[in-house]
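>>> Predicted model, plus sequence, below.
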Amino acid sequence: MKRLIFLCLLLLTACVGQTDNPAAMVERYLQAKVSGDEATMRTLICADMVDDLSIEVASFATVEAEIQDMACAQDAGSNTVTCSGVIAITYGTEVREFPLGTYRVVEEDGEWHWCGEAG
């Protein structure tokens, strides 16, 4: 019984902080986007962007893509997160790198959500 309680607490702890840290949430969103994980993207995208979810999911569907050297941090005093690193996309035998950028985040129902690229 103690093991069961411990395992339950461990699982709950692993889930905490999934969207209460804007930078970590953006990292999760970008990883989900590159891998085409629609279910995860749906939980992390803001209400204003839900209509664009299918476009977001399809972004890397026809290519091999991976994120390299990603590090994200919330910009002080703003609702933006800036990420360094690149998305490396393979087209046949050619690899192109696209730098990560700055993304808007909004707090909805007490959790942070990805809301597009910052302008």
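Happy to help now that I have it. Numbers count the residues shown, from 1 in each chain.
>>> Could you say whether the residue positioned nearest the centre of the chain sits in a helix, a strand or coil?
The residue lying closest to the centre of the chain (C-alpha atoms, centre = their mean) is Tyr29, at 1.4 Å. Three-state call for Tyr29 (DSSP: H, G, I helix; E, B strand; the rest coil): helix.
>>> mind listing what it touches?
Thr40, Met41, Leu44, Ile45, Trp114 (C-beta atoms under 8 Å, 6 or more residues apart in numbering). Where C-beta positions appear, they are placed from N, C-alpha and C, glycine not excepted.
>>> Double-check Trp112 against Thr80; I have them as touching.
No: with contact defined as C-beta atoms under 8 Å, Trp112 does not reach Thr80; the gap is 11.5 Å.
>>> Tell me the residues that contact both of these two, please.
Common neighbours of Trp112 and Thr80 (C-beta under 8 Å, 6+ apart) are Val105.
>>> In terms of neighbours, single out the busier of these two.
Trp112 (24 against 19; other C-beta atoms under 10 Å).
>>> partner residues bridging that one?
Beta-bridge partners for Trp112, by DSSP bridges, are Glu107.
>>> so how far is Glu64 from it?
29 Å (C-beta to C-beta, to the nearest Å).
>>> Any idea how many residues pack against the closest residue to Gln31 other than its chain neighbours?
Among residues not flanking Gln31 along the chain, Ile67 sits closest, at 6.3 Å (C-beta to C-beta, 6 or more residues apart in numbering). The number of residues packed near Ile67 is 17, by other C-beta under 10 Å.
>>> check which helix or strand covers Ile67.
strand 64-74 (DSSP states H and E).
>>> Pass me the low-pLDDT residue ranges in this protein, would you?
Within the chain, the stretches with pLDDT under 70 are 1-19.
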